[in-house]
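Asker: Let me see the structure of the following:
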Amino acid sequence: VTNTHLQTLEGHTDVVNQLVVGSDGTVYSASDNKAVRIWSAEDGSHLRTLEGHTEPVECLAVGLDGTLYSGSEDKTIRVWTQGGWVGPRLMRILEGHADAVWSLALSNDVKMYSGSSDSTIRVWSAV
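Answerer: This next block holds a predicted model:
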């Protein structure tokens, strides 16, 4: 391991809060610009931007099937399906937290956990 810088991915217009890598190597980034960006694992090119959150996106989790979860200061978790050739699409919005969502974790693609500024951890079905 040489720890050599290989590439810089640019495109967000504000702070990048979290990165996750899918099982296929796709890179997902969450930002204060209220968006999630998707990057190619092969060449680092920008593939798509997911919009819809009304406040900064703070956290991400990605399932083995490619389902993406994004948590935001808007108190919601958005669930994005891969959508086949048309690309990721919003599948549902999970509501229930009384304050910003700061952390997400998946458990064997069966349960999803979310941590919030409302001092709670919520457990959700991930199927």
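Asker: Check what pLDDT residue 84 gets.
Answerer: pLDDT, residue 84: 67.
Asker: Over to residue 38?
Answerer: In this model, residue 38 carries a pLDDT of 95.
Asker: What ranges does this protein have for its strands?
Answerer: Applying DSSP state E to the chain gives strands spanning 16-21, 27-31, 35-39, 46-51, 57-62, 68-72, 77-81, 89-94, 101-107, 111-116, 121-125.
Asker: what does the second one rub up against?
Answerer: Where contact means Cβ atoms under 8 Å, 6 or more residues apart in numbering, the residues beyond strand 27-31 that reach it are 9, 12-22, 36-41, 44, 56-60, 62, 68, 70. For the C-beta atoms, the positions are set from N, CA and C on the backbone; glycine is no exception.
Asker: distance of residue 28 from residue 72?
Answerer: 14 Å (Cβ to Cβ, to the nearest Å).
Asker: got it, and residue 66?
Answerer: For residue 66, the distance to residue 72 equals 20 Å [Cβ to Cβ].
Asker: Between those two, point out the one with more neighbours.
Answerer: residue 72 (24 against 15; other Cβ atoms under 10 Å).
Asker: Any idea how many residues pack against the nearest residue to that one once chain neighbours are set aside?
Answerer: Sequence neighbours aside, residue 53 is the residue nearest to residue 72 in space, at 4.1 Å (criterion: Cβ to Cβ, 6 or more residues apart in numbering). Using other Cβ under 10 Å, residue 53 is surrounded by 25 other residues.
Asker: contacting residues for residue 53?
Answerer: Contact partners of residue 53, counting by Cβ under 8 Å, 6+ apart, are 34, 35, 70, 72, 74, 76, 78.
Asker: Repeat the analysis, applying 10 Å as the threshold.
Answerer: Counting by Cβ atoms under 10 Å, 6 or more residues apart in numbering, residue 53 touches 30-31, 33-36, 70-78, 93, 101.
Asker: now it: how far from residue 33?
Answerer: Using Cβ to Cβ, we find residue 53 at a distance of 10 Å from residue 33.
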